[in-house]
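Peer 1: I'd like to go over a predicted model; first the sequence, then the structure.
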Amino acid sequence: MSNPTWPVYVFQTTLKAPQLNSWLVPYMTQPVDNETEAESVNIPKTFTSWIPGMLPGPNVAGPNGYVFTAYGQQATYLKKTYANGSPDDLLTIIG
């Protein structure tokens with residue numbers, strides 16, 4: 001029996017520092033001391049994901065904004081676990 005190919009979801013990673021206002025330098029919302037605006041804006045671009053997948057599917061490893069497609073039980077698992085409608089979700093369903 002083959003793996004199911006339905007449902008199909010296209011996900012995008014949305015990585016950001018949780019509770020941004022409570023983090024210390026360099027995660028503050030306003031630049032401090034010698035930190036420039038460009039440095040504070042570029043910090044989220046350095047985040048990468050390591051989201052465990054459901055076996056036998058692969059783990060999700062990629063930069064912020066990484067787009068991938070999941071099928072069947074893997075797609076359902078990722079949707080229920082990481083894209084359930086919360087503002088702090090790690091994944092966004094884009095298709």
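Peer 2: Looks like it came in fine.

Peer 1: drop to CA atoms for contacts and neighbour counts, all remaining ones
Peer 2: OK.

Peer 1: Can you show me the strands along the chain?
Peer 2: 8-13, 67-71, 91-93 (DSSP state E).

Peer 1: Residues in contact with the second one: which ones?
Peer 2: It refers to strand 67-71. Among residues not part of strand 67-71, those counted as contacts by Cα atoms under 8 Å, 6 or more residues apart in numbering are Pro4, Thr5, Trp6, Pro7, Val8, Tyr9, Val10, Phe11, Gln12, Thr13, Ala75.

Peer 1: Kindly report the same for the first one.
Peer 2: Counting by Cα under 8 Å, 6+ apart, the neighbours of strand 8-13 from elsewhere in the structure are 49, 62-72, 75, 90-95.

Peer 1: Sheet-wise, list the partners of that strand with their directions.
Peer 2: strand 67-71 (antiparallel), strand 91-93 (antiparallel) (DSSP bridges).

Peer 1: and it, which residues are buried?
Peer 2: Burial within strand 8-13, assessed by neighbour count using 16 or more other Cα atoms under 10 Å, is assigned to Val8, Tyr9, Val10, Phe11, Gln12, Thr13.
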